[in-house]
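In: got a sequence here, can you build the structure:
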Amino acid sequence: MSEFQQIHDVSVMMCPAEGEAIAGEQDALDLVGNAAWQGARWVVVPVGRFAEDFFRLRTKVAGDIIQKFVNYRVGLVVLGDISRHTEASSALQDFVRECNRGTQTWFLPDLEALRTRLGTA
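Out: Residues are numbered from 1 along each chain as shown. Modelled structure (predicted):
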């Protein structure tokens, strides 16, 4: 069950580390719907919850999932160490860098980094 927190006056839905894999658009819609219903502006999902295809850009899974968040104006944070994925893919490194420059989708290593980003957003 997701937990809701206020971080720097921003409502955040924290997904648990355990649970079904987030593997496609319907999973994203379920998260977005739950977040919106609770008034959360951001959804934080631990790295381990994403299906492996999320980190293979050629599958378009990441793009499909992120697009649902963009469409409904809910931010997505992929939380945790993704170095094994980025070390294997320069395209993913570039994608993560571009996402982290924006205000919609962030790949962050830990909760402290999230607190910092939300404090300056």
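
In: rest of the way, CA atoms for contacts and neighbours
Out: OK.

In: next SSE after the longest helix along the chain?
Out: Ranked by residue count, the top helix of the chain under DSSP state H comes out as helix 25-38. Next helix or strand after helix 25-38 toward the C-terminus (DSSP states H and E): strand 42-46.

In: quick check: mean pLDDT of the next helix or strand after that next one?
Out: Beyond strand 42-46 in the direction of the C-terminus, DSSP H and E gives the next helix or strand as helix 61-71. Computed over helix 61-71, the mean pLDDT rounds to 97.

In: neighbours around His8, how many?
Out: Using other CA atoms under 10 Å, His8 has 14 other residues around it.

In: use 44 as the first number from now on
Out: OK, 44 is where the count begins now, so the last one is His51.

In: shouldn't it be in contact with Thr159?
Out: No. The criterion here is CA atoms under 8 Å, and His51 misses it with Thr159 at 9.2 Å.

In: what comes up buried for the longest helix of the chain?
Out: Buried residues in helix 68-81, counted by 16 or more other CA atoms under 10 Å: Glu68, Ala71, Leu74, Val75, Gly76, Ala78, Ala79.

In: what does stretch 142-161 give?
Out: Asn143, Gln147, Thr148, Trp149, Phe150, Leu151, Pro152, Leu157, Leu161.

In: closest one of the residues you listed to Phe98?
Out: Phe150 (11.6 Å; CA to CA).

In: and stretch 48-63, how far out from the chain's middle?
Out: 11 Å (CA atoms, centre = their mean, to the nearest Å).

In: next one: stretch 85-97
Out: For stretch 85-97, the distance to the chain centre is 6 Å (CA atoms, centre = their mean).
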